[in-house]
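Asker: Got a predicted structure plus its sequence, pasted below:
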Amino acid sequence: LIAVARPTGNGWERVEIGNALIEIVAQSLVGPEVAQYVDDIIHVPIQKFPTDTARNTLVKECQDKKVDYLLMMDCDGAPKTGTFKALFTFLRQQPIPSVAGVPYVSGDGSVQVFEFTTRQLHAGPLETWALTRVDKNRASLLQGSGFGRVASLGTHCVMYDMRAFDKIKPPYFAYGYDELHCNVIETEDCWNFRQLFHAGIPVNCAWDFPARH
């Protein structure tokens, strides 16, 4: 059972999300690489804010419905054709529960894919590990390389093997704040992937399927 979840703050979605939904349904019905492994697909749109509460609600609903794989697509995304098939096929072939998402560029032009700063990896508690952003030149060179393991990426378009959430404690998504809670110092997606990394869950980037944003 696969769930396609679309969190939105105001009920709005890009037309590309609708196009992606049509492609996903078609793949699940007649796609030779997908249909034989899919019993059903459920659609879980949710209008809720802030974003961490929306994502936690989606995970809980999928757990209640005994979903096997959860695909989250943000309402302002434009996933590349073939993304669903690529993510699902990759995760289904992994020996342990894993996560796979796509690279995309944020509003300020930065790539939303991260690696841990090696010199800090074993120094200090988990929440102090620094993230280094993959720059645009390197991201461009990685296109065509398939899937690669990373520390973190945006949840713009990401698929989870639901067993991954069994390895961490809720809340699965949470914002990190400064001491006075005046500023966000970590977004809910980076929080999630940090916990998964610590639990031994591989987080992978589908470099061949960049999404527009």
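Answerer: Received it, and whenever you're ready, just let me know what you need. Residues are numbered from 1 along each chain as shown.

Asker: only C-alpha atoms for contact and neighbour calcs from this point on.
Answerer: Will do.

Asker: Mind giving me the packing neighbours of the helix or strand of the chain with the lowest mean pLDDT?
Answerer: Least confident helix or strand, the chain: strand 131-133 with a mean of 84, by mean pLDDT, DSSP states H and E. In this structure, strand 131-133 makes packing contacts with strand 113-116, judged by 3 or more CA pairs under 8 Å, 6 or more residues apart in numbering; DSSP states H and E.

Asker: At the geometric centre of the protein, which residue sits there?
Answerer: Centroid-nearest residue in the chain: residue 158, 2.7 Å away (criterion: CA atoms, centre = their mean).

Asker: which secondary structure element contains it?
Answerer: Assessed by DSSP states H and E, residue 158 sits inside strand 157-161.

Asker: So in that sheet, which strands flank the least confident helix or strand of the chain, and in what orientation?
Answerer: In the sheet, strand 131-133 lines up against strand 113-116 (antiparallel) (DSSP bridges).

Asker: which residues touch the partner strand?
Answerer: With contacts defined as CA atoms under 8 Å, 6 or more residues apart in numbering, strand 113-116 is touched by 103-104, 129-134, 150-154, 205.

Asker: same thing but at 10 Å, please
Answerer: 101-105, 129-136, 139, 149-154, 190, 194, 204-205 (CA atoms under 10 Å, 6 or more residues apart in numbering).

Asker: and if you look at stretch 181-188?
Answerer: By CA under 10 Å, 6+ apart, stretch 181-188 touches 50-53, 55-56, 127, 154-155, 171-179, 194.

Asker: Poorly predicted segments of this structure, please.
Answerer: Low-confidence segments of the chain (pLDDT under 70): 118-129.

Asker: what are the ranges of the strands in it?
Answerer: 2-8, 41-47, 69-73, 99-101, 113-116, 131-133, 147-149, 152-153, 157-161, 176-177, 184-186, 203-206 (DSSP state E).

Asker: Is it possible to get a markdown table of the ones you listed that adds distance to residue 92?
Answerer: Listed next are the strands of the chain as a markdown table, based on distance: least, CA to CA, whole Å:
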| stretch | distance to residue 92 |
| --- | --- |
| strand 2-8 | 12 |
| strand 41-47 | 15 |
| strand 69-73 | 9 |
| strand 99-101 | 10 |
| strand 113-116 | 22 |
| strand 131-133 | 28 |
| strand 147-149 | 14 |
| strand 152-153 | 20 |
| strand 157-161 | 8 |
| strand 176-177 | 32 |
| strand 184-186 | 30 |
| strand 203-206 | 13 |
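
Asker: closest one to residue 17 among these?
Answerer: strand 69-73 (7.6 Å; CA to CA).

Asker: any idea how far that closest one is from the chain center?
Answerer: Averaging C-alpha positions (CA atoms, centre = their mean, to the nearest Å) puts strand 69-73 7 Å from its chain's average.

Asker: dump the residue contacts of residue 76.
Answerer: 6, 7, 8, 12, 13, 14, 15, 16, 17, 156, 212, 213.

Asker: hmm, back to that, bridging residues for the residue nearest to the centre of the chain?
Answerer: Here residue 158, judged by DSSP bridges, has bridge partners residue 72, residue 101.

Asker: Residue 6 is in contact with residue 14, correct?
Answerer: No - look at residue 14 against residue 6 with CA atoms under 10 Å: they stay out of range, at 11.0 Å.

Asker: which neighbours do the two share?
Answerer: Going by CA under 10 Å, 6+ apart, residues that sit against residue 14 and also against residue 6 are 74, 75, 76.
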